[in-house]
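# model the structure of this input:
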Amino acid sequence: MYAMKSKIIQLFCLLLLFACQKNDIEVFNGSNTNLTKLEGSWVVINYWADWCAPCIKEIPELNEFAHENKDIFVFTFNFDQLDREDLAPIAKKFNIEVPSLVTHPRDIWGIQTPPAVPATFFINPNGELSLSLFRPQTKDALNDILLDLKQTF
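Take a look at the predicted model:
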């Protein structure tokens, strides 16, 4: 009888553990995640749109920046808030290699939709907004900014 109760308690604890690790951040072309998995890391979010020429020019820079910085999380978010089905052909057309958030950053970090794109946001390892940029960025500029932010954090 004791062994049966022990197994039931273990099973309950295991189920509780899995329930607490829910992936509540939906990601296109990447793995769904949650805030717990992002804690302790820098996060960069880039708002873009397919009708924004500077955004399209910035995408290869963002891809390279992400490839060079495997220790941080880099995401894009479509300004028009497209769902997975509408986002798929556009992401393919513009060769977006960076995982794209489907969940709005407002619901994760409280970041409101910017008035214009491109816009890039740096979230520090404590989950707080550290910097907002409202102009196109290059890979080198993003690397310099990240280095400066890490040094002052």
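# use CA for all of it now, contacts and neighbours both
OK.
# how about low-confidence regions in the chain?
Residues of the chain meeting the criterion pLDDT under 70: 1-23.
# the closest residue to residue 131 other than its chain neighbours bridge partners, please.
Counting by CA to CA, 6 or more residues apart in numbering, residue 131 lies nearest to residue 122, which is 5.2 Å off, once chain neighbours are set aside. Using DSSP bridges, the bridge partners assigned to residue 122 are residue 44, residue 131.
# how near is residue 51 to residue 42?
From residue 51 across to residue 42, the span is 28 Å (CA to CA, to the nearest Å).
# more neighbours, the two?
residue 42 (21 against 10; other CA atoms under 10 Å).
# tell me the contacts of that one?
71-73, 122-125 (CA atoms under 8 Å, 6 or more residues apart in numbering).
# filter those residues to the buried ones?
In the contacts of residue 42, burial by neighbour count holds for 72-73, 122-125, counting by 16 or more other CA atoms under 10 Å.
# which stretches of this structure form helices?
Using DSSP state H, the helices assigned to the chain run over residues 2-20, 35-38, 53-68, 84-93, 105-109, 139-152.
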